[in-house]
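Trainee: here are the coordinates; sequence isn't available:
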């Protein structure tokens, strides 16, 4: 099916179902009424935001449109294609999208640009591929569509970074489809550091082949309302999906994360570790669902969600879920919500550590379990700096 035809069908279906409401089970803790009153009709313009690439291979999108001038793709080796989604029409486009997802439908009908990344067979690319989305157009509707295809026996590290101009209101709606063949290892990082007046929605859909692993690290600091929908389909033996996440919230921010791991084959693993640190009147939502189908024997699935409240006014709704139809499995899930340990704080103060640094050290230690999962030192150093800055603002 041609992309224009897919667009047309998505537009027709979205006009019928519209945006979700709190009456929908998957949105019952996330109220979109204020978002729906806004008219995102701002004009596109080039961006004057600064950025710091974590590689000499990077591609820049300005308010949803590729900037060839600011990008650097000269160091891509043979076997890797990275270009605008508008320059390539793949048979896999739209193949993974949930047909009932309002924001994915809206994206399909309205995306302006995005990236297409194709990794050929037997590629072991050591450098990061850094994709940076810059947004600073007031009241702009920024829909970006991304597709990643990876052939057999390849390894790659991909960074998606979303940067927004402070105090600018806009709508970011990103969809990334990831199709992985056999014996592949992908490290995918998502850094969301957008305007605290923005609205950020992302859908990540991945299909994982034989003896392959898709690892997603998601760090969220910005946006007034942030929603992440991540779905992994483990379709062949020995496939693996790992999802690690950290959301840092303050003021009246809302972060909503929905994970769905679909185990359809034997001997597959999915491990999810998500942590939240919430200050002021912020709210967090976490829903993690693991489905183990009847043929998915010897499944190993672990899910954990832990939340640290820095204020009595902060709130978290955590909903871990298991749905198991096989009998030879190892599945666990857990959720915790709490405050800093008063005994630990007292101990540190008795050792001469002032209250600010005691709070900062314990809070950073809580987040550090997620950072410890990051193998790439450049990315880890960048995230540590962002978290330290955030802690300085919240605890001061």
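Mentor: Yep, that arrived. Since this is a predicted model, take the numbers as computed values, not measurements.

Trainee: Name all residues that make contact with the nearest residue in space to residue 33 that is not next to it in sequence.
Mentor: Nearest residue to residue 33 in three dimensions, chain neighbours excluded: residue 21, at 7.9 Å (CB to CB, 6 or more residues apart in numbering). C-beta: built from backbone N, CA, C; applies to glycine. Applying CB atoms under 8 Å, 6 or more residues apart in numbering to residue 21 gives the contacts 27, 32-33.

Trainee: Need the pLDDT of residue 21.
Mentor: Looking at residue 21, its pLDDT reads 96.

Trainee: Also residue 355?
Mentor: 82.

Trainee: That one - nearest residue in space that isn't next to it in sequence?
Mentor: In this structure, residue 355 finds its nearest non-sequential neighbour in residue 349, 6.6 Å apart by CB to CB, 6+ apart.

Trainee: So what pairs up with residue 142 in the strands?
Mentor: residue 172 (DSSP bridges).

Trainee: likewise residue 215?
Mentor: residue 187, residue 242.

Trainee: what sits against it?
Mentor: Residues in contact with residue 215 (CB under 8 Å, 6+ apart) are 185-188, 241-244.

Trainee: Output those residues in TSV; the columns should cover pLDDT, distance to residue 367 and neighbour count.
Mentor: As requested, the contacts of residue 215 are exported to TSV (pLDDT from 0 to 100; distance: CB to CB, whole Å; neighbours: other CB atoms under 10 Å):
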residue	pLDDT	distance to residue 367	neighbour count
185	97	25	18
186	97	24	21
187	97	19	20
188	98	20	20
241	98	22	27
242	98	18	18
243	97	16	26
244	97	11	21
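
Trainee: Nearest to residue 293 among those?
Mentor: Using CB to CB, residue 241 comes nearest to residue 293 of the contacts of residue 215, at 14.7 Å.

Trainee: Model confidence for the closest residue to that closest one other than its chain neighbours, exactly?
Mentor: Spatial nearest neighbour of residue 241, excluding adjacent residues (CB to CB, 6+ apart): residue 232 at 3.7 Å. At residue 232, the pLDDT value in this model is 97.

Trainee: same deal with residue 4?
Mentor: Confidence score, pLDDT, at residue 4: 85.

Trainee: returning to what we had before: doesn't residue 208 make contact with the residue nearest to residue 241?
Mentor: Yes. Counting by CB atoms under 8 Å, residue 208 is a contact partner of residue 232 at 6.5 Å.

Trainee: For the two, list the residues in contact with both.
Mentor: 214, 241.

Trainee: Identify the residues contacting the closest residue to residue 314 other than its chain neighbours.
Mentor: Distances taken as CB to CB, 6+ apart put residue 278 closest to residue 314, at 3.8 Å, once the chain neighbours are dropped. Residues in contact with residue 278 (CB under 8 Å, 6+ apart) are 249-250, 284, 307-311, 314-316.

Trainee: just these now: which is nearest residue 167?
Mentor: The closest of the contacts of residue 278, once distances to residue 167 are taken by CB to CB, is residue 250, at 15.1 Å.

Trainee: check contacts around the closest one.
Mentor: So residue 250 contacts 278-280, 282, 390, 393-394 (CB under 8 Å, 6+ apart).
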